[in-house]
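>>> The following block contains a protein sequence and its predicted model.
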Amino acid sequence: MTMEKPQFERDIIYYIKRINKLLTIDFDKRVNKHGLTCQQARVLFYINQMYKQGNPVRQVDIENRFNLSKSTVSELIKRMEKNDLITKVKDKSRYVLLPTKHGTSIVDDIHQSHNKVIDKLYEGVNKEKQSELNNILEKMIENMEKEERENV
């Protein structure tokens with residue numbers, strides 16, 4: 001006979017899913033406002049982040065990072081170049097992808113509005129409780145990742 005988990009232990013899954021759904025809806029709205037798909041936004045963020053770190057991105061890097069086919073990434077890059085989000089530049093014997101000024105300004109705008117969402121998320125929660133929540137969530141992630149590694 002298995003004992004049923006107390007309600008509060010089951011509710012955490014509901015809350016995590018609900019917050020994830022609300023954040024996803026918000027992210028979709030923010031990227032759509034700029035005429036981007038979610039996939040374009042994720043790739044643009046990646047290219048922008050790697051550029052800031054001094055690590056130019058190649059098409060194959062996007063294929064590997066996002067587990068996408070060569071043809072899918074090729075089309076994605078063409079659309080993003082056409083929309084002035086990124087540019088392809090020859091670097092020695094290879095092409096690298098760099099964010100344009102327009103692409104960078106979109107990333108900055110989305111990050112700025114994302115920070116407002118985070119502020120809203122934590123509204124009414126003091127810094128101590130925020131830190132405690134972050135620590136608990138980090139531990140939960142660590143526990144799940146450990147289990148995943150052990151079950152491989």
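Yep, that arrived. Numbers count the residues shown, from 1 in each chain.
>>> Export stretch 111-120 to PDB, keeping only CA atoms.
Output in PDB follows, covering the C-alpha atoms of stretch 111-120 (Å, rounded to 0.1, in the frame of the first residue of the first chain):
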ATOM      1  CA  HIS A 111      15.900  41.800 -21.000                       C
ATOM      2  CA  GLN A 112      14.600  45.100 -19.600                       C
ATOM      3  CA  SER A 113      11.000  44.000 -19.700                       C
ATOM      4  CA  HIS A 114      12.000  40.600 -18.300                       C
ATOM      5  CA  ASN A 115      13.600  42.300 -15.300                       C
ATOM      6  CA  LYS A 116      10.200  44.000 -14.700                       C
ATOM      7  CA  VAL A 117       8.500  40.600 -14.800                       C
ATOM      8  CA  ILE A 118      11.000  39.300 -12.200                       C
ATOM      9  CA  ASP A 119      10.300  42.300 -10.000                       C
ATOM     10  CA  LYS A 120       6.600  41.600 -10.400                       C
END
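>>> how about Gly54, secondary structure?
What DSSP: H, G, I helix; E, B strand; the rest coil gives for Gly54 is coil.
>>> Lys90 now?
Reduced to three states by three-state DSSP, Lys90 is strand.
>>> distance of the residue nearest the centre of the chain from Ile25?
In the chain, the C-alpha nearest the mean C-alpha coordinate belongs to Arg42, at 5.8 Å (Cα atoms, centre = their mean). According to Cβ to Cβ, to the nearest Å, Arg42 stands 16 Å off from Ile25. To be clear about C-beta, it is placed using only N, CA and C from the backbone, and glycine gets the same treatment.
>>> quick one: average pLDDT of stretch 120-138?
For stretch 120-138, mean pLDDT is 95.
>>> Show me the contact partners of it.
Outside of stretch 120-138, the residues that reach it under the criterion Cβ atoms under 8 Å, 6 or more residues apart in numbering are Ile19.
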